[in-house]
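J.: could you look at this predicted model? Sequence included:
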Amino acid sequence: MTSTTTTEDLSQPGSRRIGLGFLEFVITIALMTASVAMAIDIMLPALPAIGTALKVSDPNDAQLVIGVFFLGFGVSQIVFGSLSDAFGRRTTLLAGLAFYAFTMFLAAFVEDFQTLLILRFIQGIGAAAVRINSMAIVRDCFGGRDMARVMSYVFIVFMVVPIVAPSVGQLIISVASWHWIFIALGIIGAILFVWALLRMKESLPVSERQPLSVATVASGFVTVLTNRVTCGYMIGLTLFMAVICAYIVTVQQVFGVVYGLGEWLPLAFAGTAGGIAIANFANGYFVRSFGMRRISHVAMILFTLVSIAISLYALGGRPPFMVAYIAFSVLLMFFAVITTNFTAISLEPMGHIAGTATAITGFVSTTGGALLGGAIGQMFDGTIFPLVAGFAAFGVLTILATLWAENGKLFSHPSDDHATVDHGGHM
């Protein structure tokens, strides 16, 4: 191979492992992962209509349409990691897409709220299979800088979805009923299923598959929970997954009910989502100079201070919209920096079981975050106080967990002298 070989040439063999060219590979994985975010954020403008149509007595219960999806997504991650290793990526991916698409179509015809919640939980399970296997396929096909390159392209698409998804949902309910949101998601899932069925080969050879083993998962849990750094930062990740879950399940009520934005909700949400994307890009640039711990610890403390300040403001009355909106935007930018770096730090000591540790931390943080964030969402009382007070509490607890993980020392660590982090995206 000569020095004139292009990066594209280097990337092609990896994508060909599953029968795709490089561009098609990137588009496929990007759409697979983006479909998960779409299934969450496209629902925001439709929550009041769904609650009214299905006779939900408590307006806060409409949040569960999003909350139970998060829960299904979280609890099943640990299962799909093992299934993917045992039966291969393609089989598990196709099964997840089939469940995802079929239950989306079913949800369009429900007549009671409880059935819809059951279907949303199952949709979350299907989405977890799609997410876990999509990432596993990337790991199978690429390594090192090529993997980072692929994930950078995927990340761009993934971050665009939260910005545009609520507008798509608003457009649908402006010309049709909320049922068509589920039909649209079902069509997307069906297209991805057919695409994967016809175009994608298996990326994990039979010789490299691992037998299903409860003992392996149990051993992984023991390793994660007994490592101070991994466990402490996993607790922090759980609390900040609760932050984003609480925000997403209540954002329609905060912007729609408290501030009366109505059809402007998608635009307001797009602004905060755009801030998350900017923060991730900035983190990827500055982390090489300042290190993961220094950046994330400063962000964690500032997040907590801003949350406390806006909570005290809200306790005395409703803050002006621009004050609240700027606060939320800044807080979510801190969230992006914290979770990106906390994920990398938590996995630093787990090199020997990185795959298992990733599945375990994802399972714990997403499930715990969904439960804690959902609980904050249920406290909505027509003001922003429960949400921002929840943010403040999560921030304080994260500081305590981080102090425990770092033996009372913040801001620096020997490994940060040459720190790098892959700036991936979060739902």
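T.: Perfect, I can see it now.

J.: and the longest helix seen in the chain, what does it pack onto?
T.: Across the chain, the longest stretch assigned as helix under DSSP state H is helix 144-175. The contact analysis (3 or more C-beta pairs under 8 Å, 6 or more residues apart in numbering; DSSP states H and E) places helix 144-175 against helix 7-16, helix 22-41, helix 113-141, helix 179-199, helix 265-290. Every residue, glycine included, has its C-beta placed from N, CA and C.

J.: now these as TSV including distance to Pro166?
T.: As requested, the helices and strands packed on helix 144-175 are exported to TSV (distance: least, C-beta to C-beta, whole Å):
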stretch	distance to Pro166
helix 7-16	32
helix 22-41	6
helix 113-141	17
helix 179-199	11
helix 265-290	4
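
J.: can those helices go into JSON lines with extra columns for mean neighbour count and mean pLDDT?
T.: Output for the helices and strands packed on helix 144-175, formatted as JSON lines (neighbours: other C-beta atoms under 10 Å; pLDDT from 0 to 100):
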{"stretch": "helix 7-16", "mean neighbour count": "16", "mean pLDDT": "51"}
{"stretch": "helix 22-41", "mean neighbour count": "22", "mean pLDDT": "90"}
{"stretch": "helix 113-141", "mean neighbour count": "23", "mean pLDDT": "91"}
{"stretch": "helix 179-199", "mean neighbour count": "18", "mean pLDDT": "95"}
{"stretch": "helix 265-290", "mean neighbour count": "18", "mean pLDDT": "86"}
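
J.: nearest to Met147, out of those helices?
T.: Smallest distance to Met147 across the helices and strands packed on helix 144-175 (C-beta to C-beta): 6.2 Å, for helix 113-141.

J.: packing partners for that closest one?
T.: helix 22-41, helix 64-75, helix 77-87, helix 89-107, helix 144-175.

J.: of all those, which lies closest to Arg120?
T.: When the helices and strands packed on helix 113-141 are ranked by proximity to Arg120 (C-beta to C-beta), helix 64-75 comes first, at 4.8 Å.

J.: before we move on, back to that, which one of the helices and strands packed on helix 144-175 lies nearest to Leu97?
T.: Comparing these by C-beta to C-beta, helix 179-199 comes nearest, at 4.1 Å.

J.: hmm, who's touching that closest one?
T.: 19-20, 24, 28, 31-32, 35, 38-39, 42-43, 46, 90, 93-94, 97-98, 100-102, 104-105, 107-109, 126, 130, 168-169, 172-173 (C-beta atoms under 8 Å, 6 or more residues apart in numbering).

J.: least trustworthy helix or strand in this structure by mean pLDDT?
T.: helix 7-16 (a mean of 51; mean pLDDT, DSSP states H and E).

J.: for the chain, give me the ranges with low pLDDT.
T.: 1-14, 16, 144-145, 148, 351-355, 413-427 (pLDDT under 70).

J.: check the secondary structure at the closest residue to Lys201 other than its chain neighbours for me.
T.: Leaving out its chain neighbours, the residue that sits closest to Lys201 by C-beta to C-beta, 6 or more residues apart in numbering is Gly19, at 4.3 Å. What DSSP: H, G, I helix; E, B strand; the rest coil gives for Gly19 is coil.

J.: distance of Gly19 from Leu47?
T.: 40 Å (C-beta to C-beta, to the nearest Å).

J.: next one: Val175
T.: 18 Å.

J.: ok, these two, which is more surrounded?
T.: Leu47 (24 against 7; other C-beta atoms under 10 Å).

J.: got the contact list for that one?
T.: Neighbour list for Leu47: Ala62, Gln63, Val65, Ile66, Gln252 [criterion: C-beta under 8 Å, 6+ apart].
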